[in-house]
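Colleague: Take this sequence and fold it.
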Amino acid sequence: MRAVAFWRRLALATAGLAVAACAVAYWALAQLRESPAAIAVRGAVPVTVPVAPPEDRLVVSAASFADLEGFQTDRVSEALPALLGSCIGRPKEGSGGNLGTVLAGASDLWRALCRDAAALPPGDDAAVRRFLEQKFSPWQITNRGDREGLFTGYYEPEIAGARKKKAPFVHPVYLAPRDQLVVDLGDFKGDLAGRKITGMMRGGTFRPYWDRAEIESGALSGRGLEMLWVEDPVALFFLQIQGSGRVVLPDGSIVRIGYAGQNGHDYTAIGKVLIERGELTREAVSLQTIRHWLRTHPAEADEVMRANRSYVFFRVLPGAPVGAAGVELTPGRSLAIDSRFLPYGLPLWLDSTLPALPELGRLEETPLRRLMVPQDRGGAIKGPVRGDLFWGAGAEAEAIAGRMKQPGRLWLLWPKALPPPTAF
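Modeller: Just a heads-up that it's a prediction; the model follows:
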């Protein structure tokens, strides 16, 4: 009888979960019809998939290598490690829309391109240029015909921490919790395949997962999820935005950590919050000015940071930071893109500028024209002509990433052996 009762209770619990998932799915469908909000996060383990806003649409137009200003002078061989890294994590269905699907189905061609790239002499810019010119054709990327987009930067921050909680290290860095549930809306409506929402079962109901304020107030404490402890809550906040970083322990050793999940809530840029509150001007907003404001307004800092309800969980990395494509990032050459429109791994040409960096003695903007490889994605990266450049670690990387808000244009280098991208 006990066994019968057990299985009856199990069946009822399973049925309850199914009903809850069904209910939340139909609720989400209604929300999506009313407001197609995009949910996206940077990292190697995607938790939610963004919903393309109707105004964004990839349109490409044929170009030539002569249109790529700076192509003949760029140190294109510096991008070769990123290209070869993408050969390991070759294009897969699920990124890049129709273009990604085409590439995923052309695995023989991709392997041939990778073999040719691997045979190139390291550091030989001329050889890499010849390879690109022989195997690829440039196509300018536009958003419904608009050629110009926004390009920002991110980096690998360094933060002091410890393995055990002991003053001053009292702020936890959390592992991904196991009670998160992901509902794929495509299971309920075919045209929503791949669109997911994240939540948890609470009181027999599927509910949104704990937000930043709830987590920082102890919603996850005591569950064995504290992987490390850090001293500075502001530095931890920016570590979550960057998606990876280095934690320096008291003995000087370093633990590299990277993105392992997210709580399912939308990312909110607190720079925008500070602008709306009249604390900063749009022109003055940067990582540096936001951080300075938080440090000089400790009584208000928690409230402002908690306006961003998104919360990122981490895992220990064995090596360099890894992007959403599952490969190690190359400083200065890896680009986070909107993977709804562009596939990972296919080379891109960027024409933009570097910001003035007074703290480094650079008083004027300078051209930034270089070969890039899309290997990551980010919560604020929305649209076809939008990118976030990975700059690595250190003071210079932080300075560039913190100030970079530059206009720019983007070209896709599409394999000549495939039909033109306009065919898809």
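
Colleague: what mean pLDDT would you report for stretch 142-155?
Modeller: Stretch 142-155 comes out with an average pLDDT of 96.

Colleague: Same question for stretch 399-410.
Modeller: 95.

Colleague: Which positions within it qualify as buried?
Modeller: In terms of neighbour count (16 or more other CB atoms under 10 Å), stretch 399-410 has its buried residues at 399-404, 406, 408-410. Heads up, the C-betas are built off the backbone N, CA and C, glycines and all.

Colleague: Nearest to residue 322, out of those: which one, please.
Modeller: residue 401 (17.7 Å; CB to CB).

Colleague: Check for me that the closest one belongs to a strand.
Modeller: No. Counting by DSSP: H, G, I helix; E, B strand; the rest coil, residue 401 is not found in a strand; it is helix.

Colleague: The closest residue to it other than its chain neighbours: neighbouring residues, count only.
Modeller: Leaving aside its sequence neighbours, residue 401 sits nearest to residue 153 (CB to CB, 6 or more residues apart in numbering; 3.7 Å). The number of residues packed near residue 153 is 24, by other CB atoms under 10 Å.

Colleague: Please name the bridge partners of residue 153.
Modeller: Counting by DSSP bridges, residue 153 forms beta bridges with residue 389.

Colleague: picking that back up, now the buried residues of stretch 399-410 in CSV, please, with extra columns for distance to residue 79.
Modeller: Converted to CSV, these look like this (distance: CB to CB, whole Å):
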residue, distance to residue 79
399, 22
400, 17
401, 19
402, 23
403, 23
404, 18
406, 19
408, 17
409, 18
410, 15
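
Colleague: which non-adjacent residue is nearest residue 63?
Modeller: Using CB to CB, 6+ apart, the nearest residue to residue 63 is residue 138, at 4.3 Å.

Colleague: ok, how many other residues are close to residue 111?
Modeller: 12.

Colleague: Need the per-residue pLDDT for it.
Modeller: What the model reports for residue 111 is a pLDDT of 91.

Colleague: any idea how far residue 279 is from it?
Modeller: Distance, residue 111 to residue 279, using CB to CB, to the nearest Å: 53 Å.

Colleague: what about the residue nearest to residue 158 when sequence neighbours are not counted, distance to residue 389?
Modeller: Nearest residue to residue 158, sequence neighbours excluded (CB to CB, 6+ apart): residue 246, at 4.6 Å. As judged by CB to CB, residue 246 and residue 389 stand 19 Å apart.

Colleague: So which of these two has more stuff around it?
Modeller: residue 389 (28 against 17).

Colleague: Was I right to think that one contacts residue 405?
Modeller: No. Judged on CB atoms under 8 Å, residue 389 makes no contact with residue 405 at a distance of 11.7 Å.

Colleague: on that earlier part again, after the helix or strand in which the residue nearest to residue 158 is found, which helix or strand is next?
Modeller: Assigned by DSSP states H and E, residue 246 belongs to strand 244-248. Counting by DSSP H and E, the element after strand 244-248 in chain order, helix or strand, is strand 254-262.
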